[in-house]
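Chemist: Could you look at this predicted model? Sequence included:
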Amino acid sequence: MESPSLIYTIFYFLIAIGVLVSFHEYGHFLVARKLGVRVLRFSVGFGKVLWRYQKTPVSTEYVIAAIPLGGYVKMLDENVEPVQPSELPFAFNRQPLWSRVAIVAAGPLFNLILAVLLYWAVFSIGDVGIRPVLAEPEPATLAARAGFSERDEIVSVDNKLTPTWSEAMGTLFSSSLSGGGTIAVAVIADSGESVTKYIDLPKEQETDPKKYYQALGLTLWSPTIAPVIGKLVPEGPAERAGLQVDDLIVSADGVAITTWMDVVDWVQKSPGQRILLVIERGGVVMDLAITPDRIESESGVQGKIGAGAKVSAELIELMRVEYTLPPLEGFLRACDKTYQFSMATLKMIGFMVAGTASVDNLSGPITIAQYAGQSADLGLVHFLKFLAVISVSLGILNLLPIPVLDGGHLMFYAIEAIKGSPVSDRVQIIFQQFGFVVLLSLMALAVLLDLQRLFS
């Protein structure tokens, strides 16, 4: 699949940010209005105003601003600007503690509610994926020690249904973040027998997803596919060399080729090196030379020719799974999915703070924009799942006790509840300045990691 265009990517990134920020701020807005606080402005974005609407001079002003990376709800507040005596009952700072807590907590809570609604929509529309059928695990891996076999199909992980490969792997990683313990994996063996196998995790469990999956040793089963060209990337090395759809690759540098994986292995180990292929086209055998592109990835330099295998419709149907859930079951599953991902996010943040997980897990606006474009390119269901994941992340991150975030305000309110009086303005300003520096540093680091991924 070709990468989505830049305009396409930016468009869906703006759609995603607009939906997530609007829902978050609407949480603050709705609860504030319900509790009698006057809302002066509801803004999606920061900076120069591009569009505004205000029904009357005393109504809420609705704004769309130029910088789309956030938003805010401005309420009547004596700490921000002078308030007329007649309007003091409607000022945020004059509300009882529980009201202020409810208004501030509503934003992150609405992000989690949005995630539930999005997952519910996915389960109602129907999700499509690859059946979680396993290849033979590598020796000495956790999967090999647990007794997994080739063609085992995962049914559930710790009693959570996992109908697709991505669901199975995601649930396995989430279950591992508790550290140590045992994960129960129910499978249907190739013989048709239902069996539960137990993965014993070490106490010092790997928190990097890629390294965790390597230690786990569960890989997707791959059927034997003939070395026949099924698709070509326009202007790729394969097309430039003269390969055509339906060509059968017979050998590479004199070595016989019998499966498509033989082709993949040979190409990957020959970056930038000329390969002499023998192919069969329409019953005629001919020679053809090709030089794979050099592609740098996290696993090293590999070769790539821009060609895909010809896969039969029957094989695609064999590995494809589509499922929908009844409304009530879908809603409960959406709640569980949101809770599961929320806990995984919290644990991963804890590991990064403790230094036991790499900050490489951080994603900034560039990576999020790429995922927005890619998920939209795959279809509505994938885009909804992407929005749900980002909505959970936004909700959880906003609950962190960092001044300037919602969680920082809630921290001040907790102190107020304990000491019986508000935290002084001076202390709040100092902590907010500190929080701003922390937040700016995290954003800078995320953008730096984004750029590193982009150029590598």
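Modeler: It's in. These numbers were taken from a predicted model, which means no experiment stands behind them.
Chemist: So which residue is smack in the middle of the chain?
Modeler: The chain has residue 389 as the residue nearest its centroid, 5.3 Å off, counting by CA atoms, centre = their mean.
Chemist: And the pLDDT at residue 203?
Modeler: Residue 203 is assigned a pLDDT of 69 by the prediction.
Chemist: I'd guess the residue nearest to the centre of the chain is in a helix, am I close?
Modeler: Yes: read with DSSP: H, G, I helix; E, B strand; the rest coil, residue 389 is one of the residues of a helix.
Chemist: Next, the contact list for it, please.
Modeler: Residue 389 makes contacts with 115, 341, as judged by CB atoms under 8 Å, 6 or more residues apart in numbering. Glycine gets a C-beta too; all of them are placed from N, C-alpha and C.
Chemist: What distance do you get for it to residue 257?
Modeler: Per CB to CB, to the nearest Å, residue 389 is found 40 Å from residue 257.
Chemist: Could you do residue 227 as well?
Modeler: Distance, residue 227 to residue 257, by CB to CB: 5 Å.
Chemist: more crowded one of those two?
Modeler: In terms of neighbours (other CB atoms under 10 Å), residue 227 is the more surrounded of residue 227 and residue 257; the figures are 23 against 20.
Chemist: right, and the more buried one touches residue 256 too?
Modeler: No: Residue 227 lies out of contact with residue 256 (CB atoms under 8 Å); the separation is 10.0 Å.
Chemist: Could I get the buried residue list for stretch 39-51?
Modeler: For stretch 39-51, the buried set under the neighbour-count rule, 16 or more other CB atoms under 10 Å, comprises 39-45.
Chemist: no, scratch that, I was asking about stretch 440-456
Modeler: 446, 449-450.
Chemist: do stretch 181-196 as well
Modeler: Within stretch 181-196, the residues scored as buried using 16+ other CB under 10 Å are 183, 185-187.
Chemist: For the spatially closest residue to residue 41 that is not a sequence neighbour, give me its contacts.
Modeler: Take residue 41 and drop its neighbours on the chain: the residue closest to it by CB to CB, 6 or more residues apart in numbering is residue 74, 4.0 Å away. For residue 74, the contacting residues are 39-41, 43, 80, by CB under 8 Å, 6+ apart.
Chemist: again with residue 448
Modeler: Applying CB under 8 Å, 6+ apart, one finds that residue 448 lies in contact with residue 364.
Chemist: Which strand or helix spans it?
Modeler: Under the criterion DSSP states H and E, the helix or strand holding residue 448 is helix 425-455.
Chemist: From the chain's centroid, how far away is that helix?
Modeler: Relative to the mean C-alpha coordinate of its chain, helix 425-455 is positioned 21 Å out (CA atoms, centre = their mean, to the nearest Å).
Chemist: mean confidence score for stretch 174-193?
Modeler: Averaged across stretch 174-193, the pLDDT comes to 84.
Chemist: next one: stretch 383-397
Modeler: Taken as a whole, stretch 383-397 has a mean pLDDT of 94.
Chemist: could you dump that stretch to PDB, C-alpha only?
Modeler: As requested, the backbone C-alpha atoms of stretch 383-397 are provided in PDB (Å, rounded to 0.1, in the frame of the first residue of the first chain):
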ATOM      1  CA  PHE A 383     -10.000   5.500  11.700                       C
ATOM      2  CA  LEU A 384     -12.500   5.100  14.500                       C
ATOM      3  CA  LYS A 385     -10.100   2.800  16.400                       C
ATOM      4  CA  PHE A 386      -7.300   5.300  15.900                       C
ATOM      5  CA  LEU A 387      -9.600   8.000  17.400                       C
ATOM      6  CA  ALA A 388     -10.500   5.800  20.300                       C
ATOM      7  CA  VAL A 389      -6.800   5.100  21.200                       C
ATOM      8  CA  ILE A 390      -5.800   8.800  20.900                       C
ATOM      9  CA  SER A 391      -8.900   9.800  22.900                       C
ATOM     10  CA  VAL A 392      -7.900   7.500  25.800                       C
ATOM     11  CA  SER A 393      -4.300   8.800  25.700                       C
ATOM     12  CA  LEU A 394      -5.500  12.400  25.700                       C
ATOM     13  CA  GLY A 395      -7.900  11.700  28.700                       C
ATOM     14  CA  ILE A 396      -5.200   9.900  30.700                       C
ATOM     15  CA  LEU A 397      -2.500  12.400  30.000                       C
END
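Chemist: what ranges do the helices span in the stretch 201-350 of the chain?
Modeler: Secondary structure of the stretch 201-350 of the chain by DSSP state H, counting those that start in this stretch: the helices cover 209-216, 237-241, 260-268, 313-319, 327-354.
Chemist: Let me have the ones you listed in a markdown table, extended by distance to residue 199, mean pLDDT and mean neighbour count.
Modeler: A markdown table is the format used below for these (distance: least, CB to CB, whole Å; pLDDT from 0 to 100; neighbours: other CB atoms under 10 Å):
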| stretch | distance to residue 199 | mean pLDDT | mean neighbour count |
| --- | --- | --- | --- |
| helix 209-216 | 7 | 80 | 16 |
| helix 237-241 | 40 | 92 | 19 |
| helix 260-268 | 27 | 91 | 19 |
| helix 313-319 | 23 | 79 | 10 |
| helix 327-354 | 17 | 88 | 16 |
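Chemist: Quick one: closest of these to residue 131.
Modeler: For these, proximity to residue 131 was assessed by CB to CB; helix 313-319 is nearest, at 5.5 Å.
Chemist: Show me how far the closest one is from its chain's centre.
Modeler: Per CA atoms, centre = their mean, the displacement of helix 313-319 from the mean C-alpha position of its chain is 27 Å.
Chemist: Residue 60 contacts residue 42, correct?
Modeler: Yes: under the criterion of CB under 8 Å, residue 60 is in contact with residue 42, at a separation of 5.8 Å.
Chemist: Need the residues touching each of the two.
Modeler: Looking at what touches both residue 60 and residue 42 (by CB under 8 Å, 6+ apart), the common residues are residue 29.
Chemist: got any ranges where the stretch 51-200 of the chain has weak pLDDT?
Modeler: Within the stretch 51-200 of the chain, the set of residues satisfying pLDDT under 70 comprises 178-180.
Chemist: Report the contact partners of the closest residue to residue 343 other than its chain neighbours.
Modeler: Counting by CB to CB, 6+ apart, residue 174 is the residue found nearest to residue 343 once chain neighbours are left out, at 7.2 Å. With contact taken as CB under 8 Å, 6+ apart, residue 174 is in contact with 340-341, 343-344.
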